[in-house]
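> Got a predicted structure here, sequence first:
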Amino acid sequence: MKKYNFNAGPSMLPREVIENTAKQILDFNGSGLSLAEISHRAKDFQPVVDEAEALIKELLDMPKDYSVIFLGGGASLEFCMVPYNFLEKKAAYLNTGTWAKKALKEAKLFGEVVEVASSADANYTYIPKGWTCPADVDYLHITTNNTIYGTEIRKDLDVPVPMIADMSSDIFSRPVDVSKYNCIYAGAQKNLSMAGVTVVIIKNDALGKVSRQIPTMLDYRTHVDKGSMFNTPPVVPIYCALENLRWIKKNGGLEATDKRARERADILYTEIDRNKLFHGTVATEDRSVMNICFVMNEEYADLEKPFLDYAISNGMVGIKGHRSVGGFRASCYNAQTVEGVQALVKCMKDFEAQH
């Protein structure tokens with residue numbers, strides 16, 4: 001039976017990315033050594049980092065005064081590193097979900113934090129509207145896609161200050177105006193690579209502005225100056241990211257990933273809205289195209305487990321919703337196919353017909 005991977009992360013990768021990475025794990029560039037055992041300072045590995053960096057800059061049409069670095073620690077470490085490096089007096093945070101809340105909590109260790117708005121009052125089922133960003137903050141932090149709750153800010157906001165964004169679960173799924181941000185970071189295991197590497201994009205002249213001393217490993221300048229080679233980087237995940245970046249470019253770049261994401265989401269949301277068993281969990285105008293959350297209608301609540309079992313028996317993997325929301329979550333990252341979404345829709349239709 002064919003499997004369709006809707007896991008929220010670590011998540012689906014294009015098959016050719018997996019196969020090409022696996023080949024290099026067996027024998028890297030004909031060296032007779034595995035990618036998993038070579039030195040990160042080997043002459044054959046530096047071109048991997050260089051090409052991955054160049055592709056990120058090309059795909060995002062990045063201004064010249066920005067750097068790309070590859071770090072460990074996931075986005076959760078960036079919750080600390082961002083305020084360490086950028087928060088001098090005051091920062092603004094938009095609270096749209098679990099990860100935004102965690103980032104805000106860490107920032108409070110380094111200075112004054114203004115919560116400009118929150119959707120916690122409705123279990124993060126919408127993106128707050130009508131809020132204003134103070135003009136006297138060092139930055140505004142946003143989480144562009146809320147993986148757990150299924151909301152998304154799928155545009156670059158217009159605010160009077162530089163932005164910093166956690167784009168872990170929607171990076172490279174759409175074009176981005178990088179010039180509006182001092183920093184963009186993303187744990188790669190949702191939309192770019194396997195778990196183990198974090199991509200950080202930094203405006204160079206935004207660094208070195210805080211008065212505090214920063215530990216060497218937590219100072220972005222350390223990694224920018226050393227080209228991600230200050231300490232041993234996660235070589236296999238970086239190579240996997242390179243293969244995925246090549247795949248994105250080959251398949252039309254970010255305009256194409258955006259079009260495919262909207263197409264997949266439209267197919268699934270149309271069925272959610274049509275099917276009498278289900279309903280979506282978030283405000284229609286704020287629906288994520290990456291993480292599509294839905295639950296059983298109240299009168300069919302007792303069918304939640306039977307539907308989950310039915311979907312699993314038909315090859316659907318990872319559609320159980322997060323415990324904060326319940327129900328179901330279909331994560332449709334870049335590697336997800338229309339075929340996979342249509343297979344899930346068929347399950348929903350067939351189950352409806354049976355009940």
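Looks like it arrived, so ask away.
> from memory N334 sits against S173, does it?
Yes - at 5.9 Å, N334 and S173 qualify as touching, with contact defined as CB atoms under 8 Å. For the C-beta atoms, the positions are set from N, CA and C on the backbone; glycine is no exception.
> Which parts of stretch 51-71 count as buried, going by neighbours?
52-53, 55-57, 59-60, 62, 66-71 (16 or more other CB atoms under 10 Å).
> which two in those residues are spaced the farthest apart?
Pairwise distances across these peak at 19.3 Å for L59 and L71 (criterion: CB to CB).
> before we move on, back to that, between N334 and S173, what contacts are shared?
Common contacts of N334 and S173 (CB atoms under 8 Å, 6 or more residues apart in numbering): 191, 257, 261.
> Could you tell me which of these count as buried?
Buried, going by 16+ other CB under 10 Å: 191, 257, 261, out of the shared contacts of N334 and S173.
> Among those residues, which lie within helices?
Taking DSSP state H, the ones among the buried ones among the shared contacts of N334 and S173 that sit in helices are 257, 261.
> In TSV: the buried ones among the shared contacts of N334 and S173, plus pLDDT.
Formatted as TSV, the buried ones among the shared contacts of N334 and S173 follow (pLDDT from 0 to 100):
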residue	pLDDT
N191	93
T257	98
A261	98
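> And for D302, the neighbour number?
8 (other CB atoms under 10 Å).
> my bad, L109
If you count neighbours by other CB under 10 Å, L109 ends up with 12.
> Looks like it contacts V82 (just checking).
No - look at L109 against V82 with CB under 8 Å: they stay out of range, at 11.4 Å.
> can you give me the strands for the stretch 151-300 of the chain?
151-152, 163-166, 181-187, 198-203, 278-280, 291-296 (DSSP state E, counting those that start in this stretch).
> quick one: contacts of the fifth one?
Outside strand 278-280, the residues within contact range by CB under 8 Å, 6+ apart are 150, 269, 272-273, 287, 292-297, 328, 348.
> rerun at 6 Å
Contacts of strand 278-280 with the rest of the structure, by CB atoms under 6 Å, 6 or more residues apart in numbering, involve 272, 294, 297.
> Write a PyMOL command that selects only the buried members of those residues.
Filtering these down to the buried ones (16+ other CB under 10 Å) takes a single PyMOL command:
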select buried, resi 272+294
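> Now flag whichever of the contacts of strand 278-280 is closest to V161.
Of the contacts of strand 278-280, the one sitting nearest to V161 (CB to CB) turns out to be F294, at 35.7 Å.
> quick one: the closest one and I272 touch, right?
Yes - taking CB atoms under 6 Å as the definition, F294 is a contact partner of I272 at 4.8 Å.
> Just the ones of the buried residues of stretch 51-71 in strands?
Counted as lying in strands by DSSP state E, out of these, are 66-71.
> can these go into CSV with extra columns for distance to S118 and pLDDT?
Converted to CSV, those look like this (distance: CB to CB, whole Å; pLDDT from 0 to 100):
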residue, distance to S118, pLDDT
Y66, 30, 98
S67, 32, 98
V68, 31, 98
I69, 31, 98
F70, 32, 98
L71, 28, 97
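> any chance of those residues in CSV, with distance to L94 too?
Formatted as CSV, those follow (distance: CB to CB, whole Å):
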residue, distance to L94
Y66, 22
S67, 25
V68, 25
I69, 25
F70, 27
L71, 24
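> Tell me the one of these nearest A135?
Comparing these against A135 with CB to CB places Y66 closest, at 23.5 Å.
> Enumerate every residue touching that closest one.
Contact partners of Y66, counting by CB under 6 Å, 6+ apart, are 201, 203.
> Would you quantify the distance from it to Y220?
Distance of Y66 to Y220, given as CB to CB, to the nearest Å: 12 Å.
> With M81 instead?
Going from M81 to Y220 by CB to CB gives 7 Å.
> Export only the CA atoms of the helix or strand hosting D350, formatted as PDB.
Using DSSP states H and E, D350 sits in helix 338-354. Extracted as PDB, the C-alpha positions of helix 338-354 are listed here (Å, rounded to 0.1, in the frame of the first residue of the first chain):
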ATOM      1  CA  VAL A 338      -1.600  16.800  -5.100                       C
ATOM      2  CA  GLU A 339      -2.000  13.100  -5.300                       C
ATOM      3  CA  GLY A 340      -1.500  12.700  -1.600                       C
ATOM      4  CA  VAL A 341      -4.100  15.400  -0.800                       C
ATOM      5  CA  GLN A 342      -6.500  13.800  -3.200                       C
ATOM      6  CA  ALA A 343      -6.000  10.400  -1.500                       C
ATOM      7  CA  LEU A 344      -6.900  12.000   1.900                       C
ATOM      8  CA  VAL A 345      -9.900  13.700   0.300                       C
ATOM      9  CA  LYS A 346     -11.100  10.300  -1.000                       C
ATOM     10  CA  CYS A 347     -10.800   8.800   2.500                       C
ATOM     11  CA  MET A 348     -13.000  11.700   3.800                       C
ATOM     12  CA  LYS A 349     -15.600  11.200   1.100                       C
ATOM     13  CA  ASP A 350     -15.600   7.400   1.400                       C
ATOM     14  CA  PHE A 351     -15.900   7.600   5.200                       C
ATOM     15  CA  GLU A 352     -18.800  10.100   4.900                       C
ATOM     16  CA  ALA A 353     -20.600   7.800   2.500                       C
ATOM     17  CA  GLN A 354     -20.300   4.900   5.000                       C
END
